[in-house]
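**Student:** Pasting the sequence and the predicted coordinates here, then a few questions.
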Amino acid sequence: MKKKLVTIMLTAALAASAFTGCGQNAKSTPTASSSKAAEASSAVTPDTSFATSSQTETVDAEGFRILAQPETVSPTAPVNVRMSPGLDAEILGVVPKGTALTRTAVKEGWSRVAYNGGTGYIASEYLAADGAADSSVPGPAPAGSGTESAEPAGSGTENPAPEGSGTESLTPDSQGTGEGTQSTAQPSAGGQPDYSAYMNWDLASLSNDLVPFGYDNNDRDERNIPNGWNYYESLWGEFNVDYIGDTSKNVIYLTMDEGYANTNTEKILDTLASKGVKAVFFVTWNFVTERPDLVRRMIDEGHMLGNHTVSHKSMSTLSIEEQTKEVMDLENYVQDNFGYKMVLFRYPEGAFSKQSMGLVNNLGFKVSFWSYAYNDYSEEQMPVPEALQKALDSVHPGAIYLLHAKSDTNTAMLADFIDGVRAKGFDFGVYDLTAK
């Protein structure tokens, strides 16, 4: 009997030894809620880079493996921190590239990290241990898409509501640097600009008093350049903002604001295609959700998308959290659904504040105003010949033209306007994202 007991004990010990030799498989059976995700990732190389042989693994009720020794990681690009693992989970905030975070647990493409005194979740593929250049966790991408930060895959399913769910307040040093300035989805200008020099504003110290944008278009210098932009540059030139383009070249930049009426956009795109002109389309939530076909066409035809907020509210009337949500809900939606990173921002009605300027810069955007606009958004449209002449009389080096796509007049005059600009010895450029 004693000999049989020894034999049983030895067999059990050998079985235990063989089990622990299986690396990450040495854990408890996954719960029913995690079995589907585990099955989907079975063909992927096991994610073992964060575990050492000295760690004892424990799996919690959510299926996360608790790290015996929490490790320091940092994002390889600006990335969302979410309330729970999954692209449909609420976004708590945005963590800048290179920020030191403490990872405490992992599960099939997601990492649990300490965040703002609590817990948050980040897609593991965007985290590197000890500042490594590449992700230390090459495991399976999060369910639904790989589109969590700056690496859009174009197949995301996230659909953040434009109103309602709150966004956790970000501290000044983590006020969000924007989503994915290292994106593989390039704007039509090519390459991703480095705006890090403008992304460190202490928002609490900046005034949120309303500043309206606009000046006398008739006050011009000898080259027909409106003098009013110098006023804004003198006061707010320290921010990453354009009031006018490169005035050393006979090039103008065409921008179109898109809002709730989009009946003319297809005709405008047809005209731009026939004339070989690229434009920037500043889009709102309503436009991108109602006309994804036109958004995809803009991207495919080499135009640029700019962020015009979720609901076109005056930013200076909103809190820091509300402003962030207005910008980032739209940004996240466009990245998740179109694989495109917007890096230009335009204020609704041109209304801004010093605080909102700093916030938009902190989120990784360059602000684009304009050096020509007219009352083309009114229900009483200016006659086409009058509007065309006004636009042509205002041509100047580096001009940033703001036209509203809803305007029937703009749609009707666009082809003649393009021809007229070229007849004056000017041409249309692709918006320069790097110039300041």
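**Tutor:** Arrived safely, thanks for sending.
**Student:** For the stretch 151-300 of the chain, just list every one of the helices.
**Tutor:** Secondary structure of the stretch 151-300 of the chain (DSSP state H, counting those that start in this stretch): helices at 229-236, 265-275, 285-290, 292-300.
**Student:** Next, the contact list for Tyr215, please.
**Tutor:** By CB atoms under 8 Å, 6 or more residues apart in numbering, the residues touching Tyr215 are Pro226, Asn227, Gly228, Trp229, Tyr231, Tyr232. Glycine gets a C-beta too; all of them are placed from N, C-alpha and C.
**Student:** From those residues, pick the one nearest Gly429.
**Tutor:** Nearest to Gly429, judged by CB to CB, of these is Trp229 at 17.6 Å.
**Student:** which residues touch the closest one?
**Tutor:** Trp229 touches Tyr215, Tyr243, Ile244, Phe369, Ser371, counting by CB under 8 Å, 6+ apart.
**Student:** That one and Asn240, how far apart?
**Tutor:** Distance from Trp229 to Asn240, counting by CB to CB, to the nearest Å: 16 Å.
**Student:** about what we covered before: show me which of the contacts of Tyr215 are buried.
**Tutor:** With burial judged by 16 or more other CB atoms under 10 Å, the buried subset of the contacts of Tyr215 is Pro226, Gly228, Trp229, Tyr232.
**Student:** Looking at the helices of the stretch 151-300 of the chain, which is nearest to Pro385?
**Tutor:** helix 265-275 (17.6 Å).
**Student:** quick one: buried residues of the closest one?
**Tutor:** Quick answer for helix 265-275 (16+ other CB under 10 Å): Thr265, Ile268, Leu269, Thr271, Leu272.
**Student:** Run through the chain and note the low-pLDDT ranges.
**Tutor:** Where the chain drops to pLDDT under 70, the residues are 1-57, 78, 131-191.
**Student:** Now the longest strand anywhere in it: buried residues?
**Tutor:** Ranked by residue count under DSSP state E, the longest strand found in the chain is strand 65-75. The neighbour-count check on strand 65-75 (16+ other CB under 10 Å) flags Arg65, Leu67, Glu71, Val73, Ser74, Pro75 as buried.
**Student:** so which of the helices of the stretch 151-300 of the chain comes closest to Phe365?
**Tutor:** Taking CB to CB, helix 229-236 is the member of these nearest to Phe365, at 14.7 Å.
**Student:** Pop the domain breakdown of this structure in here.
**Tutor:** For the chain, automatic domain parsing gives the domain ranges 43-129, 192-214+224-428.
**Student:** Quick one, which of these gets closest to Thr434.
**Tutor:** domain 192-214+224-428 (5.0 Å).
**Student:** Please tell me how far that closest one is from the chain's geometric centre.
**Tutor:** 16 Å (CA atoms, centre = their mean, to the nearest Å).
**Student:** re the thing from before, by neighbour count, which of the contacts of Trp229 wins?
**Tutor:** With neighbours set by other CB atoms under 10 Å, the maximum within the contacts of Trp229 is found at Ser371, which has 25 neighbours.
**Student:** Distance of the closest residue to that one other than its chain neighbours relative to Ile268?
**Tutor:** Spatial nearest neighbour of Ser371, chain neighbours left out: Ile244 (4.3 Å); criterion: CB to CB, 6 or more residues apart in numbering. According to CB to CB, Ile244 and Ile268 sit 23 Å apart.
**Student:** can you check Gly339 too?
**Tutor:** 23 Å.
**Student:** Equivalent analysis for Gly276, please.
**Tutor:** 14 Å.
**Student:** How about His312: what's its closest non-neighbour residue?
**Tutor:** Closest to His312 by CB to CB, 6+ apart is Pro348, at 4.3 Å.
**Student:** where does Leu127 fall, phi/psi-wise?
**Tutor:** Main-chain dihedrals, Leu127, degrees, to the nearest 10: phi -120, psi 140.
**Student:** burial of it, as a residue count?
**Tutor:** For Leu127, using other CB under 10 Å, the count is 25.
**Student:** pretty sure it is in contact with Val106, am I right?
**Tutor:** No. The criterion here is CB atoms under 8 Å, and Leu127 misses it with Val106 at 9.6 Å.
**Student:** which among the buried residues of helix 265-275 gets closest to Trp110?
**Tutor:** Using CB to CB, the shortest approach to Trp110 within the buried residues of helix 265-275 belongs to Thr265, at 38.0 Å.
**Student:** Contact partners for the closest one?
**Tutor:** Neighbour list for Thr265: Glu258, Phe281, Arg291, Leu294, Ala405 [criterion: CB under 8 Å, 6+ apart].
**Student:** Same list (these) but as TSV, adding neighbour count and distance to Gly120.
**Tutor:** As requested, the contacts of Thr265 are exported to TSV (neighbours: other CB atoms under 10 Å; distance: CB to CB, whole Å):
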residue	neighbour count	distance to Gly120
Glu258	26	33
Phe281	24	33
Arg291	17	33
Leu294	20	35
Ala405	27	38
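**Student:** Which single one of these is nearest to Glu322?
**Tutor:** Glu258 (21.8 Å).
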